[in-house]
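A.B. asks: Following is a predicted model, sequence given first.
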2 protein chains.
Amino acid sequence: MLALPKAVVIDRMVETELAVVTNLDPKRHEAPSTPAPSTPSPPPPSTPLDALADLVADDLLAVNELIVQRMHSSVEMIPRLASYIVSAGGKRLRPLLTLASARLCRYAGDRHLGLAASVEFIHTATLLHDDVVDESNLRRGLASANAVFGNKASVLVGDFLFSRAFLLMVETGSLEVLRILSHASAVIAEGEVLQLQTTNDTNTTEESYLEVIRAKTAALFAAACRVSAVVADRPAVEATALDDYGLNLGIAFQLVDDVLDYSALQARLGKTVGDDFREGKITLPVVLAFRRGSDEERVFWRRVLEDTEQTDGDLDHAIRLMIRHHALRDTMDRARHYGALAREALGLFDDSPEKRVLLEIIDFVIEREY
Amino acid sequence: MLALPKAVVIDRMVETELAVVTNLDPKRHEAPSTPAPSTPSPPPPSTPLDALADLVADDLLAVNELIVQRMHSSVEMIPRLASYIVSAGGKRLRPLLTLASARLCRYAGDRHLGLAASVEFIHTATLLHDDVVDESNLRRGLASANAVFGNKASVLVGDFLFSRAFLLMVETGSLEVLRILSHASAVIAEGEVLQLQTTNDTNTTEESYLEVIRAKTAALFAAACRVSAVVADRPAVEATALDDYGLNLGIAFQLVDDVLDYSALQARLGKTVGDDFREGKITLPVVLAFRRGSDEERVFWRRVLEDTEQTDGDLDHAIRLMIRHHALRDTMDRARHYGALAREALGLFDDSPEKRVLLEIIDFVIEREY
């Protein structure tokens, strides 16, 4: 048998582990033993996200126009930086949820367009500030805005987009929408600070971790869905159902993101694998591997994540430990659990194309490889 | 005659120049030739700001309670950092303007309290982000929040306070208030980015400089005053008058701030003199000295502010050039001009204790030494 490079061995271990978890064929994207010549990659297969974008195509076009229009400023650097990040290959997942929720609620007006743009602005502002806080140089496979324009401009343009998000909400004329989204924004900031506090702390519990991702990620998913029921003037029970859907989908989304940070093929993820590891972020795969590990393993985890004293083979070793303790598999199981709660939340809505695609989005979020 | 240390000579030059400008006695706070033994300083004399705080004492107490209450979070670092900056000796000038404007408008409700707290939160959020952007280590004579808690926490707690500001506004139930303050917030961010673009650019014109300070400083003063007329349901002409008052007062305030950065006695200003100089910020004293300077002087300005190649005597030399070209005196003259416009704007209000103190605030902002 040929001796494979260590990285390939690790890749295969991860893929086998993930295959068990996600029922994927472990050979499907096995690393070739010699690098293939660089050829343009075929167009990616159609996903439920594409199906959703098709379903609300006209609205999405209007939202994209609104986004371009409202990021305008006479201060030339603002639209330049803002469009750099807004158009840098984002999935527009959150505004798509707002648009689909509005259709699910049979909303006939146009206030959901401003809301969808507003949600994307809040998301973009948090990305800009996150990258400054995390000192990231890559975002979706491209140089991050702070790497190109500097930290200072990223902080300030984040503030600008945040303010413009509120101006967009004011135009909807709904104080309830403003309450929901300003509350969500405060919760996001709380989640980010909590994450800062748990960084490098290997004693972080699963409960604390869930509190972080509920706040930093899921709160905006929940608000993005709920506000559509509010402008559509639907009963409170439907607003709550959409909130539950978004919240649980958001938790699942972040759990999968945290697994992918230890397992995705870099090119597909569009970000550097091992970012969380290098930053000493304590995500669920770490929490589980640490809790289930030997004393000796815990010494390793403390060195690499608390003291962030890392050498070349440490990431590979961390992944090996996660596989040994089924930390990635069980994190995926948790994601599936929250996915089921999201599915459950939509139960009170009648069948419709929007409902079907919102359900498919759950599977997509869990099974995605990037 | 005794040879005085160079710094004292410069101090005297600046004070004489400022005395011409502000009609202060140049000897009033002359530096002693030998350092005096450290004794507790006497309580500062009562200022129009104190008079204003007395006039609205009950409201101010309620606002301070609201501020403490609304900066609360279960994420312990947030109230710790927020209270560090909110209570760090701020003058509460902006919320005081909101409270005084509400009384001037004979407003009888309590929505001005939330607005005043909201205005202070927006101001605090921008201070937190400013100090990160400017890499400042001092704020009002104390270590800045970013120096104590780190840049990351400062960015995120700024976002938190900003979101909480909007939640407070939502409680007033006025969409018009939300529109005014979210617009002002976007304009502040635009001003900060514009300032970033003009930093180190000695070709910055007086017009560009005015555009920066109108946006980064005066827009919030204007909004802080205008919103009170809105909740008091006063005619548009009064809202506009209060906006004009705040805008012109804010411009005067910033012009004086920029003079003080080259002339204040460090202990009184509560911040390091020469901050703007070291950061290569182009303020009006620089614009005027550069424009009026010789070719040789411009070489100096370009070296110290564009290339920020600075050595020990450079700040002293810069101050000497500003004095030679009356740059500080004429910046003070501009401040007086905007002060007169602020005074003019209050013309349509009847005489009242509130009006009198708002007029006195103009003189205070211009004549202050810190």
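C.D. replies: Yep, that arrived. Numbers count the residues shown, from 1 in each chain, chains lettered A, B, ... in the order given.
A.B. asks: Just the strands from chain A, written as ranges.
C.D. replies: Remark: strands assigned in chain A by DSSP state E are A:138-139, A:142-143.
A.B. asks: Quick check: mean pLDDT of the first one?
C.D. replies: Pointing back at strand A:138-139 there. Strand A:138-139 shows a mean pLDDT of 69.
A.B. asks: on that earlier part again, for the strands of chain A, which one sits closest to chain B?
C.D. replies: strand A:138-139 (16.4 Å; CB to the nearest CB). Yep, even glycine has a C-beta here, placed from its N, CA and C like the rest.
A.B. asks: Can you give me the buried ones in the top helix by length along chain A?
C.D. replies: What stands out as the longest helix in chain A, according to DSSP state H, is helix A:236-263. Under the neighbour-count criterion of 16 or more other CB atoms under 10 Å in any protein chain shown, helix A:236-263 has A:238-239, A:241-263 buried.
A.B. asks: Give me the mean pLDDT for stretch A:250-263.
C.D. replies: 95.
A.B. asks: Can you get me a residue count around the closest residue to residue A:290 other than its chain neighbours?
C.D. replies: What sits nearest to residue A:290 in space, not counting adjacent residues and going by CB to CB, 6 or more residues apart in numbering or on different chains, is residue A:301, at 5.0 Å. Look at residue A:301: counted by other CB atoms under 10 Å in any protein chain shown, it has 17 neighbours.
A.B. asks: Same question for residue A:100.
C.D. replies: Neighbour number of residue A:100 under other CB under 10 Å is 27.
A.B. asks: check contacts around it.
C.D. replies: A:52, A:55-56, A:354, A:357-358 (CB atoms under 8 Å, 6 or more residues apart in numbering or on different chains).
A.B. asks: Residue B:345: which of those residues is nearest?
C.D. replies: Set against residue B:345, the nearest of the contacts of residue A:100 by CB to CB is residue A:56 (48.4 Å).
A.B. asks: Local confidence estimate at the closest one?
C.D. replies: 95.
A.B. asks: So what's the residue count around the nearest residue in space to it that is not next to it in sequence?
C.D. replies: Leaving out its chain neighbours, the residue that sits closest to residue A:56 by CB to CB, 6+ apart is residue A:99, at 4.3 Å. Neighbour count of residue A:99, defined by other CB under 10 Å: 30.
A.B. asks: Tell me the residues of the stretch 151-300 of chain A that contact chain B?
C.D. replies: Contact residues (CB under 8 Å from any CB of the partner chain) of the stretch 151-300 of chain A with chain B: A:151-153, A:155-160, A:162-164, A:166-167, A:169-170, A:173, A:175, A:178-179, A:182-183, A:185-186, A:188-190, A:192-194, A:196-197.
A.B. asks: the helices in the stretch 151-300 of chain A, which residues?
C.D. replies: A:151-172, A:175-198, A:206-213, A:219-231, A:236-263, A:266-269, A:275-279, A:284-292, A:295-301 (DSSP state H, counting those that start in this stretch).
A.B. asks: Lowest average pLDDT across these?
C.D. replies: helix A:266-269 (a mean of 50).
A.B. asks: So for residue A:366, which of the helices of the stretch 151-300 of chain A sits nearest?
C.D. replies: Here helix A:236-263 is closest among those (CB to CB), at 5.8 Å.
A.B. asks: Now do that closest one and helix A:284-292, the angle between them.
C.D. replies: Per axes from the mean of the first three to the mean of the last three CA atoms, to 10 degrees, the angle that helix A:236-263 makes with helix A:284-292 is 70 degrees.
A.B. asks: Which part of the stretch 201-350 of chain A gets nearest to chain B, residue-wise?
C.D. replies: Closest point on the stretch 201-350 of chain A to chain B, by CB to the nearest CB, is residue A:215, at 8.5 Å.
A.B. asks: Can you tell me, leaving aside adjacent residues, what's nearest to that residue?
C.D. replies: Using CB to CB, 6+ apart, the closest residue to residue A:215 is residue A:191 (2.7 Å).
A.B. asks: The residue of the stretch 201-350 of chain A closest to chain B against residue A:185, yeah?
C.D. replies: No: counting by CB atoms under 8 Å, residue A:185 is not a contact partner of residue A:215; they are 10.9 Å apart.
A.B. asks: So which of the two has more stuff around it?
C.D. replies: Just comparing residue A:215 and residue A:185: by other CB under 10 Å the higher neighbour count belongs to residue A:185, 26 against 22.
A.B. asks: list the contacts for the closest residue to that one other than its chain neighbours?
C.D. replies: Spatially, and ignoring its direct neighbours in sequence, residue A:185 is nearest to residue B:163 (3.8 Å; CB to CB, 6+ apart). Residues near residue B:163 by CB under 8 Å, 6+ apart: A:182-183, A:185-186, A:188-189.
A.B. asks: and those, which are buried?
C.D. replies: By 16+ other CB under 10 Å, these give A:182-183, A:185-186, A:188-189 as buried.
A.B. asks: Go through the residues you listed and say which is closest to residue B:138.
C.D. replies: For those, the nearest to residue B:138 is residue A:189 (25.1 Å; CB to CB).
A.B. asks: Please tell me I have it right and that closest one contacts residue B:165.
C.D. replies: No: Residue A:189 is beyond contact range of residue B:165, at 11.8 Å (criterion: CB under 8 Å).
A.B. asks: Correct me if wrong: residue A:172 contacts residue A:113.
C.D. replies: No: here residue A:172 does not reach residue A:113: they are 9.4 Å apart, not a contact under CB under 8 Å.
A.B. asks: contacting residues around residue A:360?
C.D. replies: So residue A:360 contacts A:48, A:51-52 (CB under 8 Å, 6+ apart).
A.B. asks: Likewise for residue A:149?
C.D. replies: In this structure, residue A:149 makes contact with A:77, A:80-81, A:84, A:157, judged by CB under 8 Å, 6+ apart.
A.B. asks: Ok, residue A:122 next?
C.D. replies: Contacts of residue A:122 (CB under 8 Å, 6+ apart): A:161-162, A:165, A:181, A:184-185, A:188, A:220.
A.B. asks: and those, which are buried?
C.D. replies: By neighbour count, with 16+ other CB under 10 Å, those hold A:161-162, A:165, A:181, A:184-185, A:188, A:220 as buried.
A.B. asks: okay, among those, which ones form the most distant pair?
C.D. replies: Spatial extent of the buried ones among the contacts of residue A:122 (CB to CB) is set by the pair A:161 and A:184 at 15.1 Å.
A.B. asks: what's the spacing between residue A:50 and residue B:224?
C.D. replies: For residue A:50, the distance to residue B:224 (CB to CB, to the nearest Å) stands at 47 Å.
A.B. asks: Which one of the two is surrounded by more residues?
C.D. replies: A count of neighbours by other CB under 10 Å puts residue B:224 above the other of residue A:50 and residue B:224, at 33 against 12.
A.B. asks: is it true that that one touches residue B:94?
C.D. replies: Yes: using CB under 8 Å, residue B:224 is in contact with residue B:94, at 4.6 Å.
A.B. asks: what touches both of these two?
C.D. replies: B:116, B:119.
A.B. asks: quick one: residue A:358 from residue A:102, how far?
C.D. replies: According to CB to CB, residue A:358 and residue A:102 sit 12 Å apart.
A.B. asks: Quick check: which of the strands of chain A is buried the most?
C.D. replies: Sort the strands of chain A by mean neighbour count, taking mean count of other CB atoms under 10 Å in any protein chain shown, and strand A:138-139 sits at the top with a mean of 20.
A.B. asks: What count of nearby residues applies to residue A:307?
C.D. replies: 10.
A.B. asks: Relative to residue B:314, how far out is it?
C.D. replies: Taken as CB to CB, the span from residue A:307 to residue B:314 is 42 Å.
A.B. asks: Also residue A:84?
C.D. replies: 36 Å.
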